[in-house]
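Colleague: With the sequence up front, the predicted model follows.
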Amino acid sequence: MAGSTSKTVYDIFQSMEYGPTSSSTAAAQSWLELHSRSLGLFVDGKFVSPSERQTRVVVDASGQRLGSTVCAEDEDVTKAATSAVSGFKAWSGLSCYQRAKVFQSFGSVLQRHSQCLAELGDLVQTPAPASALIRLAQYYTGWAQLRDTLIPDWTPQGVVAVAVSDDCSLYSLLLKVLPALAVGSAVIVTPGHGTALPVLLVATIFMEAGLPAGTLNVITGKDLSLGIKVAQNPSINFATYAGNKMDGERLTRETAGCGVPVSCSMSASAICPFIVFESADIDSAVDGIIETAFKKKKDCQWVLCVQESVWESCMDRLKVRMAAMKCLPLSAESDRPIVDAAVQEAQQQGAIVIQPCQPPSSLSLYPPTVLSGVAPSCPSVVAPPPGPLLPALSFRTAAEGLTIGNHSPHGLAASIWTEDLILALESVKSLSVGTVWVNSHSVMDPSMCLSGVKDSGNCTDGGREGLFQFLRPRLSSPLPRSPPVSVDYARFGSTASRPVVPGETHAADSAQSPRSYMQFVAGKQCKAESGSSVSILAPDGAVIAYCPDGGRKDVRNAVEAAIKCQPGWRKRSPVARAQSLYSLAESLELRRRDMAMSLLAQTGIQLEEAEMEVELSISRICDWAALCDKEGGGMQSLPQSGSAMSFAEPLGVVGVVLPDGQPLLSLVSLLGAALAAGNAVVMVPSEKHPLPALEFIQVLQSSTLPDGLVSIVTGSRDQLTHALANHNVVQAIWYWGSQEGCQYLQYTCCSPLKNLWLHCLEEREAGKGGRDWAVSHPSLLEEMWRKATQWKSVWIPTA
Amino acid sequence: MSARNPGMQLDLEWVSKVRVNHQAVLKRAQQIQARKLAKKQWQAAWLLKAVTCIDLTTLAGDDTPSNVHRLCLKATQPIRHDLLKSMDMHDKDITTAAVCVYPARVADAVKSLKAANSSLPVASVATGFPAGQTHLQSRLEEVRLAVADGASEIDIVINRMLALTGQWEALYQEIRQFREACGEAHMKTILAVGELGTFTNVYKASLVAMMAGSDFIKTSTGKESVNATYPVAVVMVRAIRDYFMRTRHKVGFKPAGGIRTAKDSLVWLTLMKEELGDEWLRPDLFRLGASTLLADIERQVYHYVNGRYPAYHELPLA
């Protein structure tokens, strides 16, 4: 603003320019001064500055040094973990009311210091709007109070590690930290570069509010490798991540095999469609896109999709609105060549560039730019470059608009604009994203859950649903911690099982030769593509039957069949789904004798016990049939005026690698959950006890379930797990198996992202953990149901 | 004054396609209001700009030649000379845009201004102001008489009955006739937005008024319960932009009623700058209908110059 002070009243009177506005940063500066501008680690309720550590300098927008943070080392991680363990004891030992009181007081202390926090956020360019943070505090005060009342029989995970990438927003970070604390967990945060100072300040505010020491530790580092170290620490029970995709994949891979469940919200790098239908208030839609697309710190990358009939009028308005806009700073000068190349490439592919002015010679600035008429395959749409670029493309019909919106590996959110109520609600249904904003964008509230579909995440944050990632049923046991084993990821599952060859059969009873079973793919009984079989052994080692030795191709066929019929199954009314499940129960009832015999032959249990398992299985299917139409989601209350809805949707195709124990009951429990929620299922029966599952094929065939909805593929567990892991359509894998298998899946299924539910069977044999499938506690059923669903929230603002 | 808006054929298809999302408009208005305003000389300059856009108004039953005379003199010298001088603005023609009176007082105003050697235009409200519930014949006659008395700007009110019942064709014809009656005088069309029910109706009425050849569209008479609000202004200026984009004719905007503080006037300027650009920040395309606003602006300017707030008696009466 050099020379601006010399402008006379008359100059300004003629030019009518906006003058400089400045905001005070006094409160934030004096907080920084209080800590001599070198912030330590926040461990055990106080700042500690271990000696001889590297530091990382934090600067403001103009490059001026604000202060520095410490780069923690292994020793500091251990200290933080120890502190968190004792913090967890103290915090989870309090009553809900006591925890709620701390939250309540956090809210009021936050209110007192909101100016300081907002100023600090401005300085480090990580917005920390007071109203949003106070709302978070108030919302989670309620959950702290109500945990035991509304979510009884669930217990906190323990010590939670929250890791974020450098580009994660403060809101996304706190949307992980606050619910974890509210349900009684202790948290270790490893903030990113931008969030470090604000989070340290939030931690001190929490201490002032009376949070027990150690419950919230903040340790800062150079990059994500610190977050990984924390997650690998054996005291951590659960790790969760928010930020860009690259770092999320890295964290997931590097913690594979540690036995710590990891959930990821890849919110920072998502590409979201901004769909303008012809029935929209075009001016408001253009206001919306102008407001959100050209921010320096974008929450997500938008792609503007406009219906052809209003394309001209939309582009004209964009041009007019953009004409007065100024150039925006790029995050680094090195971004400029990338931006230039992207714009040039888009132009070569026929896009028209709309800019208020030519790109300036200064490398650090770039004008807001619309790439109008790009092809959906253009790199600037598929892998958006940095900078204030907005790709815009047209569509002919509403249905085509939704197809274009869905045709992406991302699924965080979408903004749709129409005054047509029916079109809005139909679009909400068919968009495969976690959040749909109708006639609005980027509205965040803690009561509205945020969840990523496809590559945008495998967990839900916010709302009641978002609490469950930090909870587990009291009756379940946590995944045991263990050091990673050495797994050759390239070779896992590649060893073929030994097929049965002629002449080696020595049946126990030669009069009754073992039966050869078929597997079940696409509604038909069939052999394996390999043509080979493997033998099924009784507990005494005798061959009792043969089953096909399925492999990659069989899984592929099963998945192909599943994606064909899953959309239809999902669209069926919950009542119709319930009827199909009841028919499955009936069909099992008709074959109860055969099923009991197969259980007996396979596991060697008593007939009475086998009959009991069949009986329980029938009742379990009925549980799921009954639950089909009982979970309809609901309306949320937001401070703003409008309607917020959230409801559960199926994941798609779920791969289930079944446990050994109670082979029939575990099968129907998991199958029922997945089907009730609207999924298609590819099941791999236990390698040890496949017989009941093969017998169950008869039950499936005589039920009214659509063909292909459920497939059963037998064979080597590792080989089939490998096949499921490497089929990108499979959206979730529930796995009971070896530690290597768990580790392999976690390592492999982070790109594209799958929802994993991993269980290590070795531990069960050692007598620890393991699930008694006969227990049908509501919390266990709910856990399965939550694993089978993902959440969608919708925001329709009204005046 | 810039080129006048000749109007166009009534395009009912255009009118019927109008869609306005109420909450999105409210949000946009909030955004504009939340925009931080610059201080010091920027504030002073913007306030002076606001002064030059004011239609200094008196519309009371007890208006007489003497208070109209005072108003006219205030309009020619809206800010104390010494204050202007210290900002080096005393020779920059800082006057209000016009004075605005009832038809019967037009002659008084013209006389006073002439006596003061001022070329300031006199605007007159007309057509059965404020309700518009008189016969078309008498409303047209009112316009003609005001023009004959020397008014060079006429603020007409639309027939709300026609707008509320969707008789856009009839409304268009009425406004066309007013425009003819105005002759050379510029026509500002008052939509009385507080009585139009929905934003969609406001947008449609704005379009019809512009198609019929209004030079300005104006929010309200100042006599309805809801006057010039920012959201309704967002809707009207969008219609102006829409009309401009299709026809290339520029139509002005005049909010009126309830604009009392200097801060308000800055927000109004911001709204115009944001939505329509710098061209609409001049009196030929932007007017503020106000009576008490000027006093507050003058106080703020006094504060900018002297660093103190003046007592009310230190500034000349209007």
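Modeller: Yep, that arrived.
Colleague: Name the helix or strand for the residue in the stretch 401-550 of chain A positioned nearest to chain B, please.
Modeller: As assessed by Cβ to the nearest Cβ, chain B sits closest to A:E419 within the stretch 401-550 of chain A, at 4.7 Å. Every C-beta, even on glycine, is put in place using the N, C-alpha and C of the backbone. Following DSSP states H and E, there is no helix or strand that holds A:E419.
Colleague: neighbours around the residue in the stretch 51-200 of chain B positioned nearest to chain A, how many?
Modeller: Closest to chain A within the stretch 51-200 of chain B is B:M87: 4.5 Å, counting by Cβ to the nearest Cβ. By other Cβ atoms under 10 Å in any protein chain shown, 21 other residues sit near B:M87.
Colleague: same deal with the one 5 residues further on?
Modeller: For B:K92, the neighbour count with other Cβ under 10 Å is 14.
Colleague: still on that earlier bit, which one is the residue of the stretch 51-200 of chain B closest to chain A nearest to, not counting chain neighbours?
Modeller: What sits nearest to B:M87 in space, not counting adjacent residues and going by Cβ to Cβ, 6 or more residues apart in numbering or on different chains, is A:V9, at 4.5 Å.
Colleague: and that neighbour, how many residues sit next to it?
Modeller: 25.
Colleague: tell me the phi and psi of the closest residue to A:D74 other than its chain neighbours?
Modeller: Among residues not flanking A:D74 along the chain, A:K229 sits closest, at 6.7 Å (Cβ to Cβ, 6+ apart). Torsion angles at A:K229 (phi, psi; degrees, to the nearest 10) stand at phi -60, psi -40.
Colleague: thinking A:K229 is in contact with A:D76, fair?
Modeller: No - here A:K229 lies out of contact with A:D76, judged by Cβ atoms under 8 Å, at a distance of 9.5 Å.
Colleague: Just the buried positions in stretch B:142-149, please.
Modeller: By neighbour count on 16 or more other Cβ atoms under 10 Å in any protein chain shown, the buried set for stretch B:142-149 is B:142-147, B:149.
Colleague: can you check stretch A:244-262 too?
Modeller: In terms of neighbour count (16+ other Cβ under 10 Å), stretch A:244-262 has its buried residues at A:244-245, A:247-262.
Colleague: chain center to it, what's the gap?
Modeller: Centroid displacement of stretch A:244-262 relative to its chain, using Cα atoms, centre = their mean, to the nearest Å, is 13 Å.
Colleague: which SS class is the closest residue in space to A:K297 that isn't next to it in sequence?
Modeller: If you skip the residues right next to it in sequence, A:K297 has A:Q125 as its closest partner in space, 6.3 Å away by Cβ to Cβ, 6+ apart. Using DSSP: H, G, I helix; E, B strand; the rest coil, the structure places A:Q125 in coil.
Colleague: per-residue pLDDT, the residue of the stretch 51-200 of chain B closest to chain A?
Modeller: With respect to pLDDT, B:M87 scores 94.
Colleague: That one: what's it in contact with?
Modeller: By Cβ atoms under 8 Å, 6 or more residues apart in numbering or on different chains, B:M87 lies in contact with A:8-10, B:41, B:44, B:48, B:301, B:304-305.
Colleague: Dump stretch A:727-743 to CSV, restricted to CA.
Modeller: Output in CSV follows, covering the C-alpha atoms of stretch A:727-743 (Å, rounded to 0.1, in the frame of the first residue of the first chain):
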residue,chain,number,x,y,z
HIS,A,727,-10.6,-54.7,-7.0
ASN,A,728,-11.3,-51.0,-7.0
VAL,A,729,-15.1,-51.4,-7.0
VAL,A,730,-15.1,-53.2,-3.6
GLN,A,731,-15.7,-50.3,-1.2
ALA,A,732,-15.2,-52.1,2.1
ILE,A,733,-13.5,-55.2,3.4
TRP,A,734,-14.4,-57.0,6.6
TYR,A,735,-11.6,-59.3,7.4
TRP,A,736,-11.0,-62.1,9.9
GLY,A,737,-7.6,-63.6,9.3
SER,A,738,-3.9,-63.5,9.9
GLN,A,739,-1.9,-60.6,11.1
GLU,A,740,-0.1,-60.5,7.7
GLY,A,741,-3.5,-60.2,6.1
CYS,A,742,-4.5,-57.3,8.3
GLN,A,743,-1.3,-55.6,7.5
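Colleague: interface residues of chain B facing chain A?
Modeller: B:19-28, B:31, B:36-46, B:48-49, B:87-89, B:92, B:238, B:241-242, B:245, B:269, B:273-274, B:277-278, B:281 (Cβ under 8 Å from any Cβ of the partner chain).
Colleague: Quickly list the domain ranges of chain A.
Modeller: A:26-267, A:271-456, A:524-567+A:652-770+A:780-797 (automatic domain parsing).
Colleague: Quote the end-to-end distance of the shortest one.
Modeller: Just to be clear, that refers to domain A:524-567+A:652-770+A:780-797. 49 Å (Cα to Cα, to the nearest Å).
Colleague: Can you report how many residues neighbour the residue of the stretch 551-700 of chain A found nearest chain B?
Modeller: Taking Cβ to the nearest Cβ, chain B has its nearest neighbour within the stretch 551-700 of chain A at A:G642, 7.0 Å off. Counted by other Cβ under 10 Å, the residues lying close to A:G642 total 16.
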